[in-house]
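Q: What shape does this take:
(2 chains)
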Amino acid sequence: MNDLRVNTLESEAIYILREVAAQFEKPVLLFSGGKDSITLVRLAQKAFWPAKIPFPFLHVDTGHNFPETIEFRDRLAKELGIELIVRNVQDNIDSGKVVEETGKYASRNMLQTETLLDAIEEFGFDAAIGGARRDEEKARAKERIFSVRSDFGEWDEKNQRPELFDLLNGKIELGQNVRCFPISNWTELDVWSYIEREEIEIPSIYFAHKRNVFLRDGMIWSAEDDVVFRAEDEEVKEMMVRFRTVGDMSCTAAVLSDAVSIGKVVQEIRDSSISERGARIDDKRSEAAMEKRKQQGYF
Amino acid sequence: MEVLKIATAGSVDDGKSTLIGRILYDTRSLTDDKLEAIERTSKQKGFDYLDFSLATDGLVAEREQGITIDVAHIYFSTAKKSYIIADTPGHVEYTRNMVTGASTSQAAIILVDARNGVIEQTYRHFFINNLLKVKDIIVAVNKMDLVDFAQDNFDAIKAEITALAKRAGSTQNITFIPVSALQGDNVVNRSENTPWYTGTTLLEHFEKLEAQDVYEESVARLPVQTVVRPKTDEFHDFRGYAGKLYGGNLAVGDEVTVLPSKTASKVKDIYFFDKKYKVAERGTSINVTLENDINISRGDIIVKSSELPKETKALNAKICWMDSTNLVVGKKYLLQQGANVIAAKVASIDAVIATDFSGEAAATELKINEIGKVSFKLAKTLFYDTYEVNKTTGSFILIDPQTNNTSGAGFIQ
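A: Numbering: from 1, shown residues only, chains lettered A, B, ... in the order given. Got it, this is the predicted structure:
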C-alpha cells in the first residue's frame, strides 16, 4: 500500500476527531481494545498532540470479552493517562432490565445496546466516537460520519442529514447524541496496513496461536472458556487460529491462520476471499440484521 | 496508490446498483460470503440471474422497493488504484443525496437507459455535476442488450448530451460508453456485441483518470478547527492552530494573515503529530504555530498574505435546497463554511434555476430539491473565494437553528 492513500485517510480521520472535540461538550471514545478502536486512539493522539486526548474512553463490557483484550485495554488507558469508564452488561442482566439469550447461538452482543445507551445517559455524553467502517456491512455503508441518534439511541436511516464536502453538522437538541465515525472510509486492509506502518501494539489474539476449538456451521469456535455454548457431540481439537475481529466471544469465530506477525496478517487479509464480518454470526441472522440493530441504538 | 471517488447518478431502474454490483463482481471484489448471500437471495426471489443490486442496497426499504434511497459507499481496488463509489439515489426527491455524493467526488457516472434516451432526470444529473464542478463525467448508456446493441441509440444519446454540455458551457471531460450492467458488456470486460465501439470499458476509463483531490486549487486556506494548548511543563507556551489545509501549500517562514482580525504573522513551525515539516501540502491535517502571540480561535482562517480572499456582509450564492421546510425571505439560518459559523438572513430570492437548462424564473421561495440564486445578509463579515477557486471557502451549508437540520448547500459564484 502506498502512503498517499493512508495519508489521505489519516488526515481525514484527524480532521473528524478535531471537529468532534470542537463541536461537542462531552464526547467519549468507545474503546473495546479491538484493532479499530486502537487505531482510533492512535489517530486521536496525533490529532491533539502535544496536548492529551481531550475525552475519556468508554467500554461496554459484555463479560464475554477475550481476557487478552481486556488486559490490553486497561494497560493502554493507563499508559496514556486517559480515564477509562467500563460499564457491564452483566449489571443489566442481574437487575432484570435485559434478559440473556439462551440456546446454541446465545450471544450478549445485542444486550450491549442497552448498556451503551445507559452509559451515554449517565454521563451526559453528547458524542460517542466509534471505529465503525462503511466497508464492514451494507447498512453501515449508508451511515453518515456524524450520525444523529434520538434519546432512545434510534437511527432514522431514511432521514439522515446530508453531509457535503468536509462539512460536519454536529448541532443537536438536548437529549440527542451523535455517533461519530472517523474511520468511515477505511477498509479492513487500510486498518491493518496502518497498524503495520505505525507499529501499533495490538492484542495477541489477532495473531495465529494454538487454541482449543470446535467446528460448527463451517466456523471455528473457541472452546477455551464457558462462554460459547458447545453441545456434547461437538468435538474439541487444537488448531492454529487467529481472530479477525474481537467482539463478544459468543459471536466471534476464529479463522485458520499461520499469520504470526503483522506483516503476515496484512498479506493474509490481502489474499482473503471472506469478508471480515463473515466470521460474525450476529450479522447472519437475517439480511437486515445490522440495520435492525442500528435502528435500536446499536453501534 | 491513488484514491478515486466516483459518484453515480441515474434515474429509477436505470440499473445503477446493478452496474456497481457488476463492477464488484468482475473485479472479484465481492468476497465469497457476500457472493453466496447474493446467490441465496436472488434464488429465493426467483430470479434466473444474480441480482447485484443486493450488494449495495443496504436498507430494508430499498430492497423491498428495489430502489436506492440513500448514498452508499462502496470500496474496491485494482492493482492500479483504489476506488470509493458513492452510489446515490435517482429519484427526484433524493436530489439532495445526489448532491451530497457528488460533493466529494472527482468523477461521476451518469446512467442513461438506451431504450429511453435522455430524459428530464438526465438533465438534472448533468446540471448538478456541472454545478459542483465534478471534473470527469462518464455517460454510461446502459441496457444496450435490450436494444440489440444498436449504435443508433447510443449515438443519439451522445449527440444530445454533447449539445447540452456545449449549451451549459461545461468544461468537464465527458466520455460515453455503451454498457450492459446485467450482462457485463464494456463494464470491466470488452464486449463482442459492440464492434462499432472502439473506446475503453468503464473500468479501463477509471484507471486512466487522475485521482486528484477535490480540494486541489491553488490558494492555501487553513480554517482553524481548534487551538491546541497542552499547558504541560514541556510545552508550557505551545499554542498550535490545528486544521486541514485546503489548496496549495504552506511553508515555514510564510507571511500569513489571520482572518477575520487581519493580523499579520509568520509561520513558525508546522507539525504533523510530533514531527516538524518545512512545507505542508494540501489535504493534510496540520498543527501550525506562528511567530507572534495573537488571538486566534476556532473559525478563523489562516491564509498567505499574498493570497487574501474576498470579503462581504452581503452574500450572493447558488443554493441547493435540501429541507422539506421551504427557504423564504426573512428566515435566519446558520451558515457554516469550514469551521466558521455565521448567522445569515435571507435577504431575497433572486431566481429559481431550472435544472433542465431551460433558464431562470422568479420565485418567492425555494422548495426541497430546487436550486436557486439567493442573497443573504450576514451578521459578520464572511471571507470567501469563489467555488471555482477553492471549494472549501467557496461553499457552505445552511443549518436551520430551529431543527438543527442541514437545510441547504451553497456555492459562491
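Q: which stretches of the stretch 201-350 of chain B aren't confidently modelled?
A: Applying pLDDT under 70 to the stretch 201-350 of chain B picks out residues B:212-217.
Q: And the strands in it?
A: Counting by DSSP state E, counting those that start in this stretch, the stretch 201-350 of chain B has strands at residues B:221-223, B:226-228, B:240-244, B:249-251, B:255-259, B:263-272, B:275-277, B:279-281, B:285-290, B:301-304, B:310-321, B:327-328, B:332-337, B:340-353.
Q: Just checking: what are the partner strands of the second one?
A: Each strand paired with strand B:226-228, and its direction, by DSSP bridges: strand B:240-244 (antiparallel).
Q: Pull the strand it pairs with out as CSV, backbone CA atoms only.
A: Listed next in CSV are the C-alpha coordinates belonging to strand B:240-244 (Å, rounded to 0.1, in the frame of the first residue of the first chain):
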residue,chain,number,x,y,z
GLY,B,240,-0.9,25.4,18.0
TYR,B,241,-3.6,26.1,15.4
ALA,B,242,-4.9,22.8,14.2
GLY,B,243,-6.7,22.4,10.9
LYS,B,244,-6.8,20.8,7.5
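Q: can you pull out the helices in chain B?
A: Using DSSP state H, the helices of chain B run over B:16-26, B:32-44, B:60-65, B:95-103, B:120-131, B:151-167, B:202-208.
Q: domain parsing for the chain?
A: Going with chain A. Listed domain ranges for chain A are A:3-192+A:287-295, A:205-282 (source: automatic domain parsing).
Q: looking at chain B here, not the other one
A: Split by automatic domain parsing, chain B gives B:2-208, B:221-304, B:310-411.
Q: The helix or strand hosting A:E10 to strand B:263-272, inter-axis angle?
A: Assigned by DSSP states H and E, A:E10 belongs to helix A:3-23. Relative orientation of helix A:3-23 and strand B:263-272, computed by axes from the mean of the first three to the mean of the last three C-alpha atoms, to 10 degrees: 120 degrees.
Q: got the buried residues for helix A:3-23?
A: Of the residues in helix A:3-23, those with enough neighbours to count as buried (16 or more other C-beta atoms under 10 Å in any protein chain shown) are A:5-6, A:8-23. Any C-beta I mention is one placed from the backbone N, CA and C, and that applies to glycine too.
Q: next helix or strand past that helix?
A: Taking DSSP H and E, what comes next after helix A:3-23 is strand A:27-30.
Q: mind listing what that next one pairs with, with the direction of each?
A: Counting by DSSP bridges, the strands paired with strand A:27-30 are strand A:57-61 (parallel), strand A:127-129 (parallel).
Q: re earlier: compare the domains of chain B and give me the one nearest A:F243.
A: Ranking the domains of chain B by proximity to A:F243 (C-beta to C-beta) places domain B:2-208 first, at 16.5 Å.
Q: and the end-to-end length of that closest one?
A: Using C-alpha to C-alpha, to the nearest Å, the end-to-end distance of domain B:2-208 comes out at 11 Å.
Q: what's the spacing between B:V179 and chain A?
A: Look at B:V179 and chain A: by C-beta to the nearest C-beta, to the nearest Å, they are 23 Å apart.
Q: oh, I was asking about B:E192
A: To chain A, B:E192 is 29 Å away according to C-beta to the nearest C-beta.
Q: What of B:L209?
A: B:L209 is 15 Å from chain A, where distance means C-beta to the nearest C-beta.
Q: Burial check on B:S297, number of neighbours?
A: Neighbour count of B:S297, defined by other C-beta atoms under 10 Å in any protein chain shown: 11.
Q: which residues touch the closest residue to it other than its chain neighbours?
A: Leaving aside its chain neighbours, B:S297 sits nearest to B:V227 (6.5 Å; criterion: C-beta to C-beta, 6 or more residues apart in numbering or on different chains). B:V227 makes contacts with B:239-242, B:296-298, as judged by C-beta atoms under 8 Å, 6 or more residues apart in numbering or on different chains.
Q: any idea of the pLDDT on the residue of chain A at minimum distance from chain B?
A: Of chain A, the residue with the smallest distance to chain B, taken as C-beta to the nearest C-beta, is A:K138 at 3.4 Å. Looking at A:K138, its pLDDT is 70.
Q: three-state assignment of it?
A: Under DSSP: H, G, I helix; E, B strand; the rest coil, the three-state class of A:K138 is coil.
Q: Is it in contact with B:A72, as I believe?
A: Yes: counting by C-beta atoms under 8 Å, A:K138 touches B:A72, with 7.0 Å between them.
Q: Mind checking which of these two has more residues around it?
A: Between A:K138 and B:A72, counting by other C-beta under 10 Å, B:A72 is the more crowded of the two (28 against 25).
Q: how close does that one sit to B:I38?
A: From B:A72 across to B:I38, the span is 15 Å (C-beta to C-beta, to the nearest Å).
Q: Ok, B:V141 next?
A: Counting by C-beta to C-beta, the gap from B:V141 to B:I38 is 25 Å.
Q: and the domains of chain B as CSV, adding distance to A:F243?
A: As requested, those are exported to CSV (distance: least, C-beta to C-beta, whole Å):
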stretch, distance to A:F243
domain B:2-208, 17
domain B:221-304, 29
domain B:310-411, 39
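Q: Minimum distance to A:I195: which of those has it?
A: Across the domains of chain B, closest to A:I195 is domain B:221-304 (C-beta to C-beta), at 15.9 Å.
Q: Okay, buried residues for stretch A:200-209 please.
A: A:202-203, A:205-209.
Q: Equivalent analysis for stretch B:229-240, please.
A: Within stretch B:229-240, the residues that qualify as buried are B:230, B:238, B:240, counting by 16+ other C-beta under 10 Å.
Q: and of the residues you listed, the nearest to chain A?
A: For the buried residues of stretch B:229-240, the minimum distance to chain A (C-beta to the nearest C-beta) is 3.9 Å, reached by B:P230.
Q: Look up the closest residue to the closest one, ignoring the ones flanking it.
A: Nearest non-adjacent residue to B:P230, counting by C-beta to C-beta, 6+ apart: A:A51, 3.9 Å away.
Q: Which of the helices or strands spans that neighbour?
A: Short version, using DSSP H and E: A:A51 is in no helix or strand.
Q: Without its sequence neighbours, what residue ends up closest to A:D166?
A: Per C-beta to C-beta, 6+ apart, closest to A:D166 is A:Y15, 6.4 Å.
Q: Also A:F57?
A: Residue nearest to A:F57 in three dimensions, not counting chain neighbours: A:F31, with 3.9 Å by C-beta to C-beta, 6+ apart.
Q: Double-check that neighbour against A:A44; I have them as touching.
A: No: assessed by C-beta under 8 Å, A:F31 is found out of contact with A:A44, at 10.1 Å.
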